[in-house]
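Trainee: starting from these lines, generate the structure:
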Amino acid sequence: MSSLAQEYLTFLLDGEEFGVDILCVQEIMVWTPVTVIPGTPDYLRGVINLRGCIVPIVDMRQRFGRAPVDYTETTVVIVLRTSDGERSVVVGLVVDAVSEVYKVASVDIKEAPDFGGHIDSRFVRGLATVDNKLIILLNATRLLNVKDLYGVVAQARPVPSSESAADRQPANWS
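Mentor: Numbering: from 1, shown residues only. Prediction:
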């Protein structure tokens, strides 16, 4: 394997395996209820206080336009840390399950095909085949881009005054 290999933490999402640079992973934790912030996009589940740091929690199924599901005992939050230039950005990603850690040589990462404007591939760093399975490698910096995450006010759904924080929690975790 090339000396330019890096490790990726892989996770499952709706039956697909995705990977993020392990150097961006701050920690992995079990799902915990969040504090809902009104007027945010549906995929932004809320925030948690992680040892004094307020961390936004993003449901990756919804972020990628997939149907939400109830969270189970395998549902985890991967807390990622990256930099947007002048400051550190910390965000928790809700995923179905953590899978493996793989070392992937840069020469083994293939560019994602050009789907034109029909598929949003801005988060995809590339594709890698490991153990006869295709893994979608994500670009953590683009994934955690503050303008993309929070600048989608037009898609934000207002939280009706009759809806409580528990209403936005999956049914089996409230």
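
Trainee: could you point out which residue ranges in the chain have low pLDDT?
Mentor: By pLDDT under 70, the low-scoring segments of the chain are 1-3, 115-120, 150-174.

Trainee: next, name the residue at the spatial heart of it.
Mentor: Leu93 (3.7 Å; C-alpha atoms, centre = their mean).

Trainee: please report phi then psi for that one.
Mentor: Note on Leu93: backbone dihedrals following degrees, to the nearest 10 are phi -110, psi 120.

Trainee: can you pull the contacts of it?
Mentor: By C-beta atoms under 8 Å, 6 or more residues apart in numbering, the contact set of Leu93 is 11, 57-58, 60, 77-80, 143. The way it works is simple: take the backbone N, C-alpha and C, and place the C-beta from them, glycine included.

Trainee: can we see that at 6 Å?
Mentor: By C-beta atoms under 6 Å, 6 or more residues apart in numbering, Leu93 lies in contact with 58, 60, 78.

Trainee: same question, Val58
Mentor: Contacts for Val58 were tallied using C-beta under 6 Å, 6+ apart; they are 43-44, 91, 93.

Trainee: next: Leu12.
Mentor: For Leu12, the contacting residues are 96-97, 99, by C-beta under 6 Å, 6+ apart.

Trainee: let's see 8 Å
Mentor: Contacts for Leu12 (C-beta under 8 Å, 6+ apart) come out as 18, 95-99.

Trainee: which of those count as buried?
Mentor: 18, 95-96, 99 (16 or more other C-beta atoms under 10 Å).

Trainee: Gly126: which of the residues you listed is nearest?
Mentor: Distance to Gly126, by C-beta to C-beta, is smallest for Phe18 among these, at 11.8 Å.
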